[in-house]
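**Q** Sequence and predicted model, in that order:
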Amino acid sequence: MRRIALLAIIALLTTANQCSTTPEPIETVSIRYDPYSYSMAKLQQSAEAECRAKDKRYAVPVSNDVNTQAVRWAYMNFECVN
């Protein structure tokens, strides 16, 4: 009986510990560009350089909707991941 109770307590403590850990914050970078004339490859290179400065390996573009009728400059957002 004591073994079962001890195993149940260990299982509960293990589950509580896993639930209480906070996830790693998402690092993001924003690169300014001209929406009328830009190179996605250059934006990607700039974003990856920014992410490497934050000790991350890759830059993944995040959905970016730009109203080109309303802006002259826009920002492309990237998430930094390992």
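**A** Nice, thanks for sending it over. Residues are numbered from 1 along each chain as shown.

**Q** Spatially nearest residue to V66 (excluding sequence neighbours)?
**A** Leaving aside its chain neighbours, V66 sits nearest to A74 (4.4 Å; criterion: Cβ to Cβ, 6 or more residues apart in numbering). Any C-beta I mention is one placed from the backbone N, CA and C, and that applies to glycine too.

**Q** wait, that neighbour sits on R32?
**A** Yes - between A74 and R32 there is a contact at 7.4 Å, judged by Cβ atoms under 8 Å.

**Q** got the buried residues for stretch 50-58?
**A** Residues of stretch 50-58 classed as buried by neighbour count (16 or more other Cβ atoms under 10 Å): 50-51, 56.

**Q** Which residues outside the helix or strand where A41 lies are in contact with it?
**A** Using DSSP states H and E, A41 falls within helix 40-53. Applying Cβ atoms under 8 Å, 6 or more residues apart in numbering, the external contacts of helix 40-53 come out as 27, 29, 31, 33, 57-59, 61, 76, 78, 80-81.

**Q** and with 7 Å instead?
**A** With contact meaning Cβ atoms under 7 Å, 6 or more residues apart in numbering, helix 40-53 is reached by 27, 29, 31, 33, 58-59, 76, 78, 80.
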